[in-house]
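# Please find the sequence and the predicted model below.
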Amino acid sequence: MSQPASAVPSRRLSRGDTRTLSLSALGGALEFYDFIIFVYFATVIGQLFFPPDMPAWLRQVQTFGIFAAGYLVRPLGGIVMAHFGDLLGRKRMFTLSILMMALPTLAIGCLPTYATLGYAAPIVLVLLRMLQGAAVGGEVPGAWVFVAEHVPRRHVGFACGALSAGLAAGILIGSLVAAVMKSHFSNEALAAGAWRIPFLLGGVFGLIAVYLRRWLHETPVFAEMRERRALAAELPVKTVLRDHLGGVMLAMAVSWILTAAIVVVMLMTPPLLAAQHGLDASLANVVAILCLIVGCMLAGWCVDRFGGGATLLGWSVLLGASYWLMMSVVGSNPEALMPLYALAGFAVGITGAIPAIAVKAFPATVRFTGLSFSYNVAYALFGGFTPILVTTLMRLDPMSPAIYVGALAIMGMVIGVLLMRTRAGRRLAAMPT
C-alpha cells in the first residue's frame, strides 16, 4: 500500500514538477487571455453586434453586460466542474476547462455580426461568453488544486504563486495584443474584420494548450484517494457547507481581497486616472502587470518560507500603503505615475499568496469543491459589484478606490494576525489530506 501523502518526506522540486507548473501556467495564461481579450475590443464589438441606430450609451451598457455575463455563470460552472473534479479526477476537469474556453473563443472569432444574423448575433455572443465564464470558473481553482497536489508540501506556496503569475501573464498578453492590433489597424479596418484576429489566435492557442495538457498526470493526492477508496461519499458541496464553513469563510474573505487587488488596482485604475487627471496610464499599467508577475512568485515563496499568516499580513500592508500613496500623489505629480504604479502592481502580488492559503483550508476529498465554491461565489459577488460601488463612492470622495482597497488591506492584516495566532492558522501550515 502506498504511503499517505502526509507522511511522504518533503523533497525538492523535480523536473516533473517544473514541467507540471510550466504547462499549467501556460494553459492558465492562454485561458485568461481568451477570457479578457473581449474587454479590449468591446467598443468595436458593440458597434457590430447591436443595431446601428441604438444610442451609444445603451450599446456600451449592453456590450459590457455581455462581458459581465461571463462572470455571472462562474459560480455555477466552477461548482459543477469541481464536483466532478472531486469524484472523477483533477486532470479531466483541468483539461476540459481549457477546451471549454478555446472553442467559444474560436467561435466568437467566426461569429456573423448583427448585419447578417440580426438579434440572433448578440444572443449567440452571450451564450458563448457564458460558456467562457463557466470554463474560467473551473480553470482557476482547478489549476490551484492541481499544482498544489503535485508539488512537495513545502513548495505549495511557490506553485500557487507561479500559477497566479501565469494568469497575470494572460492579462499582459491580452493588453499587448490589443495594443499591437490598434497600432497596426485603423478603426475601419478593425470593424471590417481585423477584430477577429485576437479571438482566432486565442482559440488556436487554447487548442494547443489542450494538446499539451495531455502530458500532465493525475495528482498524487487524488490518485492515492482513489486507490484507498477515500473519495467523497456524498455530494461534495453538501459536505463543504455542512462541515467546512470555517474554510469557506476564510477562502471567501481572502478571495475578496484578491478581487479588490485585480479589479480596482489593475483593471479600473487606468480609466479612473484618465477621467480624474487626464493621465494615460496604459504603459504604466503594462509595467505594473510585469511587476505583478514578479510579486506573485515572490509572495508564493514567502508563504513557504514565513507562513501564510505572516505573508498575508506583510503584503496587505504593502498593498494598502502603496495604492494609497499612488492615488494621492499622481494627480499633482504625474511623473511619479510609473514608479508608483510599478510598486502598487508588485503589491498586487498578494494574489500569489492568497490561493496557497485558500487551497489549504479544505481536506483533499472536497478540496476542489470547497475552493471553487468559495472563490467563484466571492468573485461573482465582490468582483461584479466592486466597479459599481467604487464609481458611485467616487462622487463623494475621489480617493474612494484607495479607501476601498485600504479597507480590504486592513481585513487582510487582521486575517493574517489571526492565522498566525490561532490553531487553525497553525493547521494551515501543513497541506491537509
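In hand now; what should we look at?

# Tell me how many other residues surround residue 246.
10 (other Cβ atoms under 10 Å). C-betas here are computed from N, CA, C, even on glycine.

# let me fix that: residue 189
Neighbourhood size, residue 189 [other Cβ under 10 Å]: 12.

# Show me what the helix or strand in which it is found is in contact with.
Using DSSP states H and E, the element containing residue 189 is helix 187-189. Outside of helix 187-189, the residues within contact range by Cβ atoms under 8 Å, 6 or more residues apart in numbering are residue 44.

# Now the element after it, going C-ward?
Past helix 187-189, the next helix or strand by DSSP H and E is helix 196-212.

# what's that following helix in contact with?
Helix 196-212 is touched from outside by 23, 26-27, 30-31, 33-34, 37, 40-41, 95, 98-99, 101-103, 105-110, 174, 177-178, 181, with contacts defined as Cβ under 8 Å, 6+ apart.

# For that helix, buried residues please.
Across helix 196-212, burial judged by 16 or more other Cβ atoms under 10 Å covers 197, 198, 199, 201, 202, 203, 205, 206, 207, 209, 210, 212.

# Report the two of those separated the most.
Maximum pairwise distance in the buried residues of helix 196-212, criterion Cβ to Cβ, is 22.4 Å, between 197 and 212.

# hang on, residue 285 packs against residue 271?
No. Counting by Cβ atoms under 8 Å, residue 285 does not reach residue 271; the two are 10.1 Å apart.

# Among those two, which residue is more densely surrounded?
residue 285 (22 against 12).

# Let me know the pLDDT of the more buried one.
On pLDDT, residue 285 comes in at 90.

# Excluding covalently adjacent residues, which one is nearest to it?
residue 270 (5.0 Å; Cβ to Cβ, 6 or more residues apart in numbering).

# again, but for residue 165
Here the residue nearest residue 165, using Cβ to Cβ, 6+ apart, is residue 296, at 4.0 Å.

# That neighbour against residue 356, yeah?
No. Counting by Cβ under 8 Å, residue 356 is not a contact partner of residue 296; they are 10.7 Å apart.

# Pull up the overlap in contacts between the two.
residue 161.

# what's in contact with the helix or strand where the residue nearest to residue 285 lies?
Per DSSP H and E, residue 270 falls inside helix 269-277. With contacts defined as Cβ under 8 Å, 6+ apart, helix 269-277 is touched by 279-282, 284-285, 330-331, 334, 337, 341, 394, 398, 401.

# among those, which ones are buried?
279, 281, 284, 285, 330, 337, 341, 394, 398, 401.

# So the closest residue in space to the fifth one that isn't next to it in sequence versus residue 155, what's the distance?
Of all residues not flanking residue 330 in the chain, residue 337 sits nearest, at 4.8 Å (Cβ to Cβ, 6+ apart). In this structure, residue 337 and residue 155 are separated by 36 Å, where distance is defined by Cβ to Cβ, to the nearest Å.

# Apart from its neighbours in sequence, what residue is nearest residue 303?
residue 157 (2.9 Å).

# Check whether that neighbour sits in a helix, strand or coil.
Here residue 157 is helix, with the state taken from DSSP: H, G, I helix; E, B strand; the rest coil.

# and it, how many neighbours?
As a burial measure, residue 157 scores 29 neighbours (other Cβ under 10 Å).

# between the strand or helix carrying residue 298 and helix 269-277, how big is the angle?
Using DSSP H and E, residue 298 falls within helix 282-306. For helix 282-306 against helix 269-277, the angle by axes from the mean of the first three to the mean of the last three Cα atoms, to 10 degrees is 130 degrees.

# now for helix 282-306, which elements pack on it?
Using 3 or more Cβ pairs under 8 Å, 6 or more residues apart in numbering; DSSP states H and E, the elements in contact with helix 282-306 are helix 156-184, helix 269-277, helix 308-329, helix 337-347, helix 354-359.

# Any idea how far the second one is from the middle of the chain?
Going back to what we said before, that points to helix 269-277. Chain-centre distance of helix 269-277: 23 Å, with Cα atoms, centre = their mean, to the nearest Å.

# Okay, angle between that helix and helix 308-329 too, please.
Using the same axes, to 10 degrees: helix 269-277 against helix 308-329 is 30 degrees.

# check which helix or strand covers the nearest residue to residue 361 once chain neighbours are set aside.
Spatially, and ignoring its direct neighbours in sequence, residue 361 is nearest to residue 247 (3.6 Å; Cβ to Cβ, 6+ apart). Secondary-structure element containing residue 247, defined by DSSP H and E: helix 245-259.

# what's that helix in contact with?
Residues contacting helix 245-259 (Cβ under 8 Å, 6+ apart): 240-241, 312, 316, 350-351, 354, 357-358, 361-362, 370-371, 373-375, 377-379, 382-383, 386, 408-409, 411-412, 415, 424.

# check contacts around residue 51.
Counting by Cβ under 8 Å, 6+ apart, the residues that residue 51 touches are residue 114.

# for it, helix, strand, or coil?
coil.

# Torsion angles phi and psi at it?
Residue 51 adopts backbone torsions of phi -60, psi 140, taken as degrees, to the nearest 10.

# What of residue 119?
phi -70, psi -10.

# Output the longest helix belonging to the chain.
helix 120-150 (DSSP state H).

# Would you map out the domains in this structure?
16-231, 232-433 (automatic domain parsing).

# what separates the first one from the chain centre, distance-wise?
Translated: domain 16-231. The answer for domain 16-231 is 10 Å, by Cα atoms, centre = their mean.

# Then stretch 238-248?
Worked out by Cα atoms, centre = their mean, stretch 238-248 lies 23 Å from the chain centre.

# what comes up buried for that stretch?
239, 240, 244, 247, 248.

# gap between the fourth one and residue 146?
Between residue 247 and residue 146 the distance is 19 Å, computed by Cβ to Cβ.

# repeat for the first one
Using Cβ to Cβ, residue 239 is found at 20 Å from residue 146.

# From the chain's centroid, how far away is the helix or strand residue 369 falls within?
Assigned by DSSP H and E, residue 369 falls within helix 367-378. Its chain's average C-alpha position is 13 Å from that of helix 367-378, according to Cα atoms, centre = their mean.

# isn't residue 318 right up against residue 344?
No. Using Cβ under 8 Å as the test, residue 318 is too far from residue 344 to be in contact (9.1 Å).

# Which of those two has more residues huddled nearby?
The neighbour comparison of residue 318 against residue 344 (other Cβ under 10 Å) goes to residue 344, with 29 against 19.

# residues touching the more buried one, list them.
Taking Cβ under 8 Å, 6+ apart, we find residue 344 in contact with 265, 288, 319, 322, 323, 326.

# What is the neighbour count of the residue nearest to the first one when sequence neighbours are not counted?
Same thing as residue 265. Spatially, and ignoring its direct neighbours in sequence, residue 265 is nearest to residue 348 (5.3 Å; Cβ to Cβ, 6+ apart). For residue 348, the count of nearby residues is 30 (other Cβ under 10 Å).
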